[in-house]
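[1] Return atomic coordinates for the entry below.
(chains A and B)
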There are 2 protein chains.
Amino acid sequence: MKYFEDYWPDQRSESPRCHTVTAEEIIEFGTRWDYQPFHVDPQAAKATPFGGLVASSTQLFAIAVGLWCHADVPTQSRSVAISALGFNNMRLQSPARPGDVLRGESVVKEKRLSQSHPEAGILVMHNKVLNQRDEVVFGYEHAALYRRRLEQT
Amino acid sequence: MKYFEDYWPDQRSESPRCHTVTAEEIIEFGTRWDYQPFHVDPQAAKATPFGGLVASSTQLFAIAVGLWCHADVPTQSRSVAISALGFNNMRLQSPARPGDVLRGESVVKEKRLSQSHPEAGILVMHNKVLNQRDEVVFGYEHAALYRRRLEQT
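    Coordinates of the predicted model:
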């Protein structure tokens, strides 16, 4: 497991897994949470500016987190996160379509101790989701509390 | 359907539906996207600072969108959204636990025409998700392109 001490400013990481977008998953997310023609109906989606099915923002955010936190991620790649705090500057930059293979890149932007949680530190990461053409699909900043290795302090 | 012209600055709206959080849905989201003890294992979650299962940020975002955009929302309450642009200042403010009943409130913060899409305008909304005790669970700003009623212009 990775603790607060295992991260440092400007550290870059590649996500431990990829995610392939499918029409089925786009339609599932759209039907449950964001019922728009470009998320739920392949025929109607053709007549929208997207020209076909695209992933919803809720699906992109789930995929973005899953690239790092899915059950398949091996223990040594996992973080001891205590809690997410918030997300900033979340941008939809290119559509994600069926067949796209998405991967993640992360850069540590800030690292500081928590005033209110002595067992924890705060990391601010800039996360990007890219497709198989290296286009940025989705990006955001993420602040979270990570556990410290207190036995070493 | 609601068009760009149907919104104005400081306009407040209540979401057309509510969403009840269940342990099953918390575990489903956690298992698929965010495999942490406080999202997937009721017993292990008791030993975390949350003291039990809590909804992941990906689930909260899906619920937040679904309060307004689910397939069950009647046509007159739906917006003619062309595309989401981005989300800012997304904050996890109180945990969402099994049994919590969540609802949405939205305030229009900005309204302007789009320079690049003459058929559309941009609205910036401040959205909150609240529970049955009126505590804010989740909040964010949302910018999106909404279709204009061009036949009237």
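[2] Only C-alpha atoms from now on, for both contacts and neighbour counts.
    OK.
[3] Please list the outside residues in contact with stretch A:119-133.
    With contacts defined as C-alpha atoms under 8 Å, 6 or more residues apart in numbering or on different chains, stretch A:119-133 is touched by A:4, A:64, A:82, A:96, A:100-114, A:136-148, A:150.
[4] Now do the least confident helix or strand in chain A by mean pLDDT: everything it contacts.
    Every helix and strand in chain A was compared by mean pLDDT, DSSP states H and E; the lowest is strand A:81-92, with a mean of 93. Here strand A:81-92 makes contact (C-alpha under 8 Å, 6+ apart) with A:57, A:120, A:137-147, B:49, B:57, B:84-92.
[5] Would you mind listing which of the contacts of stretch A:119-133 are buried?
    Buried by 16 or more other C-alpha atoms under 10 Å in any protein chain shown: A:4, A:64, A:82, A:96, A:100-109, A:111, A:113, A:136-148, out of those.
[6] any low-confidence regions in chain A?
    Judged by pLDDT under 70, chain A has its weakly predicted residues at A:151-153.
[7] which residues are contacting the top helix by length along it?
    Longest helix of chain A, by residue count under DSSP state H: helix A:57-69. Residues outside helix A:57-69 that contact it (C-alpha under 8 Å, 6+ apart) are A:15-19, A:26, A:29, A:33, A:78, A:92, A:103-104, A:128-129, A:138, B:32-36, B:58-59, B:61-62, B:65, B:84.
[8] Please list the members of these that lie in helices.
    Among the contacts of helix A:57-69, the residues falling in helices (DSSP H) are A:26, A:29, A:33, B:32, B:33, B:58, B:59, B:61, B:62, B:65.
[9] Show me which of the residues you listed is closest to residue A:73.
    Of all the ones in helices among the contacts of helix A:57-69, residue A:73 sits closest to residue B:33, with 10.5 Å by C-alpha to C-alpha.
[10] who in chain A is up against chain B?
    Chain A comes close to chain B at residues A:31-36, A:49, A:57-59, A:61-63, A:65-67, A:69-71, A:82, A:84-92, as judged by C-alpha under 8 Å from any C-alpha of the partner chain.
[11] hmm, back to that, what angle separates the least confident helix or strand of chain A from helix A:57-69?
    140 degrees (axes from the mean of the first three to the mean of the last three C-alpha atoms, to 10 degrees).
[12] then strand A:81-92 to PDB, C-alphas only?
    C-alpha atoms of strand A:81-92 as PDB (Å, rounded to 0.1, in the frame of the first residue of the first chain):
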ATOM      1  CA  ALA A  81      -6.800   7.000   1.300                       C
ATOM      2  CA  ILE A  82      -8.800   8.100   4.300                       C
ATOM      3  CA  SER A  83     -11.300  10.300   2.500                       C
ATOM      4  CA  ALA A  84     -11.700  12.300  -0.700                       C
ATOM      5  CA  LEU A  85     -12.100  16.000   0.100                       C
ATOM      6  CA  GLY A  86     -13.000  17.500  -3.200                       C
ATOM      7  CA  PHE A  87     -12.500  17.900  -7.000                       C
ATOM      8  CA  ASN A  88     -11.700  21.100  -9.000                       C
ATOM      9  CA  ASN A  89     -11.500  22.100 -12.600                       C
ATOM     10  CA  MET A  90     -13.200  19.000 -13.900                       C
ATOM     11  CA  ARG A  91     -13.300  19.400 -17.700                       C
ATOM     12  CA  LEU A  92     -14.800  17.300 -20.500                       C
END
